[in-house]
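In: below is the structure, and that's it, no one-letter string:
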């Protein structure tokens, strides 16, 4: 049996407002997620920036080696470059190990590729300078297959042009936020078809599949395709060999 846990970013990204619960209740959910990661040797927890400092402290107190990840420009991706840099700086100062940026795919779709390149280079540079992992969410549910290929290839090219080869393993292309609203029941997360296109165009960059990985078989298939990480809000179900009803991140 494959050790799926080492590939997982166990995720909770709902705000208190989205869940209809209090800030304190949300913090408790996030702490429980971190404890679950410790208990089951899950690689990382992926949480909102507001909770990074608290969870980093929680994990340090327990001398746990669980990685803390957070999201930047989430979930629309339309934040300005300066806003993303400010959010990323704070997350790094709070102790985040990995930063998952939502790329400005709307700007890309509108033809403003230079803006997208600028935010990629500047935000990735910040992460590399601080020895952090940068992951770039392209939101494949908003893109055609051709666009998935194009934006992934662009990110790969920009990475190779602007960063040392030794750093490329720390720059991911990631499929989805899990918050994108699709129509007619279409998947809003990773699909095997979409991930295959990303892998075919990512060059030397690793790929993360997020959202829609519902069963251990799905996870194993994604890993065998070549993904290096899987984002899921049902990590425990995946490693306990249970079927998950997760449809989100």
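Out: It's in. Note that this is a predicted model, so its numbers are computed, not measured. Numbering: from 1, shown residues only.
In: just name the shakiest helix or strand of the protein by mean pLDDT.
Out: One helix or strand of the chain scores below all others by mean pLDDT, DSSP states H and E: helix 235-239, with a mean of 93.
In: tell me what that helix is packed against?
Out: Where contact means 3 or more CB pairs under 8 Å, 6 or more residues apart in numbering; DSSP states H and E, helix 235-239 is packed against strand 8-12, helix 23-40, helix 216-225. Just so you know, the C-beta spots here come from the backbone N, C-alpha and C atoms, and that holds for glycine as well.
In: pLDDT averaged over the first one - what is it?
Out: Per-residue pLDDT values across strand 8-12 average out to 98.
In: check which element follows that strand along the chain.
Out: Next along the chain after strand 8-12, taking DSSP states H and E as the criterion, comes helix 16-19.
In: tell me the gap between that following helix and the middle of its chain.
Out: With CA atoms, centre = their mean, to the nearest Å as the basis, helix 16-19 stands 20 Å off its chain's centre.
In: circling back to that earlier point, quick one: buried residues of the least confident helix or strand of the chain?
Out: Using 16 or more other CB atoms under 10 Å as the test for burial, helix 235-239 gives 235-239.
In: residue contacts, the residue nearest the centre of the chain?
Out: Geometric centre of the chain, nearest residue: residue 100, 4.6 Å, by CA atoms, centre = their mean. Residues near residue 100 by CB atoms under 8 Å, 6 or more residues apart in numbering: 46, 69-72, 74, 135-137, 174, 208, 231.
In: most neighbours among these, which one?
Out: residue 231 (33 neighbours; other CB atoms under 10 Å).
In: give me the nearest residue to that one, chain neighbours excluded.
Out: residue 210 (3.3 Å; CB to CB, 6 or more residues apart in numbering).
In: hang on, isn't the one you found packed against residue 174?
Out: Yes: counting by CB atoms under 8 Å, residue 210 touches residue 174, with 5.6 Å between them.
In: identify the contacts common to the two.
Out: Shared contacts of residue 210 and residue 174 (CB under 8 Å, 6+ apart): 137, 231.
In: touching, residue 66 and residue 44? I think so.
Out: Yes: look at residue 66 against residue 44 with CB under 8 Å: they come within range, at 6.5 Å.
In: residue 10: neighbouring residues, count only.
Out: Neighbour count for residue 10, taken as other CB under 10 Å: 27.
In: residue 204 against residue 168, yeah?
Out: Yes: applying CB under 8 Å as the test, residue 204 and residue 168 come out as touching, 4.6 Å apart.
In: name the residues contacting each of residue 66 and residue 44.
Out: By CB under 8 Å, 6+ apart, residue 66 and residue 44 have these common neighbours: residue 37.
In: re the thing from before, shared neighbours of residue 204 and residue 168, which are they?
Out: 159-160.
In: quick one: which of those two has more around it?
Out: A direct count of neighbours by other CB under 10 Å for residue 204 and residue 168 places residue 168 higher, at 17 against 11.
In: tell me the contacts of the more buried one?
Out: By CB under 8 Å, 6+ apart, the contact set of residue 168 is 159-160, 204-205.
In: in a strand, it, correct?
Out: No: counting by DSSP: H, G, I helix; E, B strand; the rest coil, residue 168 is not found in a strand; it is helix.
In: where does the prediction get shaky in this protein?
Out: Where the chain drops to pLDDT under 70, the residues are 1, 242-249.
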